[in-house]
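Enquirer: I'll drop the sequence and a predicted model, then ask my questions.
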Amino acid sequence: MAATGLAHARLSMKTKLAFGVGSGAEAIALHAVSAYAFLFYNQVLGLPAQLAGLAISVSLILDGIVEPMVGSLSDRTRSRLGRRHPYMFAACIPIALAFYAIFVPPAGLSNTALFWWFALSVVVLRQCMAFYHTPHIALGGELSLDYMERSKVMSYNSFFTWVGGALTTWIALTYFFKKTPEYPRGLLNPDAWAPFGVTMALVALSVLFASAWFTRDRIKHLPQPLPDAAGFSPLEFVKDIRSAFTNMNYVWLLIGFFFLSVTLGLRTVLHVYTNTYYWGLGSEELRWFIIGTFGGYATAFYMAAKFHGRFDKKRTMIVSALAFAIVPAIPIVLGLMGVLHADTPGLLVILIAFAMLGYGAMSVLSISVMSALADVADQNEARHGIRQEGVLYSTRTLFAKVDQAFGTFVAGIVLTVIAFPEKAKPGEVDAGILEKLALWDGVIAMVPCLIAAFFYAQYGITRTSYEATRAEIMARRAAVRESTLVAEAAPTAASSAKPLSAPG
């Protein structure tokens with residue numbers, strides 16, 4: 001892999017911030033859909049839960065299929081804007097328009113028409129986001145070759161992902177879904193959703209563009225395809241996927257994330273229902289969960305790289321996966337045991353404390369895996385002579401989204417099977433239904449994450465093996481640069497040699 005300049009070991013704060021805010025904008029768009037769109041279409045517009053779950057699941061599957069192709073395309077792109085930025089700039093406006101369409105559907109649609117509107121608009125949003133997210137996260141993986149610095153880069157990715165999700169939640173619950181006499185649970189107010197959709201679409205557009213704009217100065221330092229490298233084609237795409245899957249360290253990370261995503265898919269949907277109906281929390285109370293999530297992500301931002309330095313990435317992944325499986329389930333299990341209930345003094349503080357621990361574990365796990373994928377990219381460059389951040393990160397996303405789609409679909413089925421009512425009012429849902437909801441959200445949802453921890457334990461790249469791989473890559477790149485300089489100098493030397501004049 002040729003490069004116009006080597007990625008610097010230490011990056012400026014400006015670069016890491018500019019990269020990080022792009023993750024925040026992605027989270028604004030995707031968190032709003034995953035956390036609120038299901039509730040909006042099911043409880044506000046009256047779309048049956050299984051259809052709302054199906055719409056989101058289909059969009060996740062199609063998005064997951066497209067992302068690896070976008071990854072291979074960007075890996076093999078050669079332009080004056082580099083491999084990643086052309087797609088990041090092009091995707092900004094379509095993402096904002098699709099987001100708007102999701103939260104401002106036409107009035108008076110039948111359930112069938114409403115399902116198709118929801119499904120198609122979510123599909124378009126995720127397809128457009130693939131052309132931003134995949135190049136963007138691949139950019140993060142190639143900004144630095146340093147073992148610890150890339151962990152710090154991914155810490156910015158994780159922290160600003162939280163910022164985007166938290167900002168969306170705070171803005172939504174503070175300014176749009178406030179309690180009114182008619183709607184004491186502001187999320188159920190149908191008149192608030194259109195202004196919310198317009199505002200967040202504009203915010204996402206602005207921040208997505210800013211991230212692409214303020215990282216463009218790094219283009220000259222990033223790897224570029226070799227001069228003789230083939231462009232994107234179906235055949236080259238298949239070759240890219242095949243070479244990625246020959247690395248068993250990558251396979252273990254994929255399988256681990258596959259199981260983790262089932263837990264994420266279930267909890268993303270069911271947590272909103274549990275907090276609203278099981279614990280009886282209103283919008284004004286739900287917004288304070290931002291304190292817990294901030295504490296978790298801020299701790300991970302500060303500690304993840306330190307954990308990697310002291311314990312290495314593998315042990316960090318195992319422990320954080322176990323913690324994320326167990327900790328968020330504890331208060332719900334205590335509720336099922338009768339220890340906690342909706343009237344428990346200080347309940348909100350207790351729930352926020354467990355949220356902080358759970359989100360902290362999740363953030364450390366995410367940072368560890370994303371940093372480890374950059375190490376896998378080094379291994380693949382040493383083996384195959386091509387950097388595949390786009391393919392590696394996006395194929396991981398494929399597995400995640402297919403499985404998260406399954407988790408989301410299962411969540412819709414769960415709500416149907418336990419007979420959770422549509423347009424339900426807090427305080428009026430049958431206690432038996434609420435217990436079943438808590439059992440799924442608290443106990444059953446953690447099982448796939450426990451399985452994920454086992455597969456993360458199979459990952460085999462260590463700090464020592466990484467340093468050996470990096471030395472091999474640096475030597476190979478130096479040889480490529482030297483041969484390129486020799487080849488460029490040869491024609492110049494030949495043209496400067498003048499033939500001797502023939503004797504008169």
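Expert: Okay, I see it. Numbering: from 1, shown residues only.
Enquirer: neighbours of Ala107, how many?
Expert: Number of residues near Ala107 (other C-beta atoms under 10 Å) recorded here: 7. (C-beta placed from N, C-alpha, C; glycine too.)
Enquirer: ok, it - contacts?
Expert: If a contact means C-beta atoms under 8 Å, 6 or more residues apart in numbering, then Ala107 has no contacts.
Enquirer: what helix or strand is it on?
Expert: Using DSSP states H and E, Ala107 sits within no helix or strand.
Enquirer: for it, grab phi and psi.
Expert: phi -80, psi 150 (degrees, to the nearest 10).
Enquirer: from Ala32, how far off is it?
Expert: Taking C-beta to C-beta, to the nearest Å as the measure, Ala107 falls 21 Å from Ala32.
Enquirer: ditto for Gly22
Expert: Counting by C-beta to C-beta, the gap from Gly22 to Ala32 is 16 Å.
Enquirer: low-confidence stretches in the protein?
Expert: 1-9, 226, 399-405, 480, 484-485, 487-504 (pLDDT under 70).
Enquirer: where exactly do the strands run in it?
Expert: Here the chain has its strands, by DSSP state E, at 2-3, 223-224.
Enquirer: Gly22 and Ala32: who's more crowded?
Expert: Taking neighbours as other C-beta under 10 Å, Gly22 and Ala32 compare with Gly22 leading, 30 against 26.
Enquirer: hang on, isn't that one packed against Phe214?
Expert: No. The pair Gly22 / Phe214 is not scored as a contact, 9.2 Å apart, by C-beta atoms under 8 Å.
Enquirer: which residues touch Leu392?
Expert: Leu392 sits in contact with 71, 138, 141, 244, 250, 373, 376-377, 380, where contact means C-beta under 8 Å, 6+ apart.
Enquirer: let's see it at 7 Å
Expert: 244, 250, 373, 376-377 (C-beta atoms under 7 Å, 6 or more residues apart in numbering).
Enquirer: repeat that for Phe40.
Expert: With contacts defined as C-beta under 7 Å, 6+ apart, Phe40 is in contact with 103, 193.
Enquirer: for the one 10 residues further on, same thing?
Expert: Listed by C-beta under 7 Å, 6+ apart, the contact set of Gln50 reads 412-413, 416.
Enquirer: leaving out sequence neighbours, find the closest residue to Phe294.
Expert: Leaving aside its chain neighbours, Phe294 sits nearest to Ala166 (6.4 Å; criterion: C-beta to C-beta, 6 or more residues apart in numbering).
Enquirer: just the buried residues of stretch 334-341, please?
Expert: 334-336, 340 (16 or more other C-beta atoms under 10 Å).
Enquirer: tell me the one of the residues you listed nearest Gly432?
Expert: Leu336 (12.2 Å; C-beta to C-beta).
Enquirer: so the closest residue to the closest one other than its chain neighbours versus Ala342, what's the distance?
Expert: With sequence-adjacent residues excluded and distances taken as C-beta to C-beta, 6+ apart, Leu336 is closest to Ala438, at 5.6 Å. Distance from Ala438 to Ala342, counting by C-beta to C-beta: 11 Å.
Enquirer: ok, now Val369?
Expert: Remark: distance between Val369 and Ala342 (C-beta to C-beta) = 36 Å.
Enquirer: and what of Tyr466?
Expert: Going from Tyr466 to Ala342 by C-beta to C-beta gives 50 Å.
Enquirer: ok, Ala35 next?
Expert: Counting by C-beta to C-beta - Ala35 and Ala342 are separated by 21 Å.
Enquirer: and if you look at Leu11?
Expert: From Leu11 to Ala342 the distance is 47 Å (C-beta to C-beta).
Enquirer: more crowded one of these two?
Expert: With neighbours defined as other C-beta under 10 Å, Leu11 and Ala342 compare such that Leu11 has more, 20 against 14.
Enquirer: phi, psi for that one please.
Expert: phi -110, psi 150.
Enquirer: mind listing what it touches?
Expert: With contact taken as C-beta under 7 Å, 6+ apart, Leu11 is in contact with 143-144, 149, 153.
Enquirer: tabulate the residues you listed (TSV), appending distance to Asp240.
Expert: As requested, those are arranged in TSV below (distance: C-beta to C-beta, whole Å):
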residue	distance to Asp240
Leu143	21
Ser144	23
Glu149	26
Val153	23
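Enquirer: farthest-apart pair in the residues you listed, please.
Expert: Maximum distance among those (C-beta to C-beta): 8.1 Å, for Leu143 and Glu149.
Enquirer: who has more neighbours, these two?
Expert: More crowded of Leu143 and Glu149, by other C-beta under 10 Å: Leu143, with 23 against 20.
Enquirer: could you report the distance from the more buried one to Arg150?
Expert: Taken as C-beta to C-beta, the span from Leu143 to Arg150 is 7 Å.
Enquirer: helices of the stretch 51-200 of the chain, residue ranges please.
Expert: 85-103, 111-142, 149-171, 193-214 (DSSP state H, counting those that start in this stretch).
Enquirer: and the contacts of the first one?
Expert: The reference is to helix 85-103. 29, 33, 37, 40, 74, 77, 79, 121-122, 124-125, 128-129, 131-132, 135-136, 193-194, 196-198, 200-202, 204-205, 208-209, 212, 216, 219.
Enquirer: and the residues you listed, which of them are buried?
Expert: Buried among these (16+ other C-beta under 10 Å): 29, 33, 37, 40, 74, 77, 121-122, 124-125, 128-129, 131-132, 135-136, 193, 196-197, 200-201, 204-205, 208-209, 212, 216, 219.
Enquirer: who's in contact with Pro106?
Expert: Contacts of Pro106 (C-beta under 7 Å, 6+ apart): none.
Enquirer: mind checking how far it is from Leu73?
Expert: Going from Pro106 to Leu73 by C-beta to C-beta gives 34 Å.
Enquirer: ok, now Ile473?
Expert: Plainly put, Ile473 is 23 Å away from Leu73 if you go by C-beta to C-beta.
Enquirer: what about those two, which has more around it?
Expert: Taking other C-beta under 10 Å, Ile473 and Leu73 do not tie; Leu73 has more neighbours (23 against 19).
Enquirer: phi first, then psi, for the residue lying closest to that one once chain neighbours are set aside.
Expert: Nearest in space to Leu73, with sequence neighbours left out and distances taken as C-beta to C-beta, 6+ apart, is Phe232 at 4.6 Å. Dihedral pair for Phe232: phi -70, psi 140, per degrees, to the nearest 10.
Enquirer: just to check, Phe232 is in contact with Val70?
Expert: No. Between Phe232 and Val70 there is no contact under C-beta atoms under 7 Å: 9.8 Å.
Enquirer: between the two, which is the more surrounded one?
Expert: More crowded of Phe232 and Val70, by other C-beta under 10 Å: Val70, with 25 against 16.
Enquirer: so that one sits against Met129, correct?
Expert: No. If you go by C-beta under 7 Å, Val70 and Met129 don't touch, sitting 10.1 Å apart.
Enquirer: contacting residues around Ser483?
Expert: By C-beta under 7 Å, 6+ apart, Ser483 lies in contact with nothing.
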